[in-house]
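Peer 1: Provided below for reference: sequence and predicted model.
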Amino acid sequence: MSGEIVGGWEYVIAVYVISTLVYVGYAYSVLRRDNASRSATKETRS
Amino acid sequence: MLAAGCLWGLSFAPAEVFMGDVYRIFYIHVPTAWNGLMLLTAAFICAVMYLLKGDLIWDDRLEAAMEAGVVLSALLTIQGSIWARPTWGVWWNWDPRLTTTAILVFAFAGILALRTSLKEPRRRAMVTSVATIVAAADVPLVYFSVRFWNSLHQVQSSPETVSAAFVWPLRINAIAVLLLMAGLIQIRAETVARLREAGSAPPPLEPVPVGGGK
C-alpha cells in the first residue's frame, strides 16, 4: 500500500462548484443591495 | 484572472505525489483562507480606527470587511471539510485548526447578527468595535494553531517548500480573490454608509399651509 490517493476528482469538482457559487452569489448580493440602496435613497430625496 | 488561475491549477499543474489530483483543491482553498483571514484582520483594524478616531466611516468599512471575511471563512470550512474526506477519511475532526476556524466563523457571524439588533449608529459602532477586537484574538490562533498544537492539518507552506509548478496558479488565484474582495468591500462599505446616512437623516418637512388655513 503506497498511501497515494487515486482519483478523487468528485471532491475537487464539488469544491470548485461550491466555491464558484459562493463567490458569484456574494458578488451578486453585494451589487444587488447596492442598487437597492441607491434606488431607495433616490426615492427618499424625490 | 480567477478563472485562469483555476484552469491552470486544474489542467496544467502536475499532480501531487501523495494526494494525486485531490490536492488541486489547494488552488482555491488556500487563497480563500489567506483572504478570509486578511479581511477579518482588516475588520479588526477598522474597529481600532473607529475607537481611536470616532468616525463612522470606519464602522462602515468594518461591516463590509467582516461580512466578506465571514463568507470566505465559512466557504473555507466547507472546502476544508470536503478535502478532509479523501485525505483524512472523515468530513470533520475537532482538530485545533478546524476548531479555531469554526469558532472564528461563529464569532464574527454572531457580531454581524448583533449589529442588526442595534439601531443607533454610534452605539452599534462602539459595541461592534469592542466585540470585533475580542473576536479577532482568534485570527492568530487559527493561523498558528498548526504550530502551537499537534494538528492533522499541515503547517503553512512557503515558496521554499512548494514546487514552482504549484506556486504560480496559487499566486494568481490569491491575487484574483484579493482584487475581487477589495472591489466588493469598497462597494459594500459605500452601501452601508448610504443606508446609515439615509437612516439618520431628518424626515422631510411637512408642507405648511399658506394663509393660516382660514
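Peer 2: The structure has been received and is ready for your questions.

Peer 1: what pLDDT, on average, does the host helix or strand of B:Thr191 get?
Peer 2: Per DSSP states H and E, B:Thr191 falls inside helix B:164-200. Helix B:164-200 shows a mean pLDDT of 88.

Peer 1: what comes up buried for that helix?
Peer 2: Of the residues in helix B:164-200, B:166, B:169-170, B:172-174, B:176-177, B:180-181, B:184-185, B:188-196 count as buried by neighbour count, 16 or more other C-beta atoms under 10 Å in any protein chain shown. The C-beta positions use only the backbone N, C-alpha and C, and glycine is treated the same way.

Peer 1: For chain A, which residues are neighbours of chain B?
Peer 2: Counting by C-beta under 8 Å from any C-beta of the partner chain, chain A comes close to chain B at A:3-9, A:11-12, A:14-16, A:18-19, A:22-23, A:26-27, A:30-31, A:33-34, A:37-38, A:40-41, A:44.

Peer 1: Which residue ranges of the chain form helices?
Peer 2: Unless you meant another one, I'm taking chain A. Ranges of helices in chain A, per DSSP state H, are A:9-45.

Peer 1: oops, chain B please
Peer 2: For chain B, the helices defined by DSSP H occupy B:2-7, B:26-53, B:56-88, B:96-117, B:121-135, B:138-148, B:164-200.

Peer 1: In TSV: those, plus distance to B:Ala13.
Peer 2: Shown next, in TSV, are these (distance: least, C-beta to C-beta, whole Å):
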stretch	distance to B:Ala13
helix B:2-7	10
helix B:26-53	7
helix B:56-88	16
helix B:96-117	24
helix B:121-135	36
helix B:138-148	23
helix B:164-200	6
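
Peer 1: give the contact list for B:Ala74.
Peer 2: If a contact means C-beta atoms under 8 Å, 6 or more residues apart in numbering or on different chains, then B:Ala74 has B:105, B:109 as its contacts.

Peer 1: same thing with the one 10 residues further on?
Peer 2: Taking C-beta under 8 Å, 6+ apart as the definition of contact, the neighbours of B:Ala84 are B:90-93, B:98, B:152.

Peer 1: cutoff 7 Å now
Peer 2: B:90-93 (C-beta atoms under 7 Å, 6 or more residues apart in numbering or on different chains).

Peer 1: circling back: now a PyMOL select for only the buried ones of the residues of chain A next to chain B.
Peer 2: Per 16+ other C-beta under 10 Å, the buried members of the residues of chain A next to chain B correspond to this PyMOL selection:
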select buried, chain A and resi 5+8+11+12+14+15+16+19+22+23+26+30+34+37
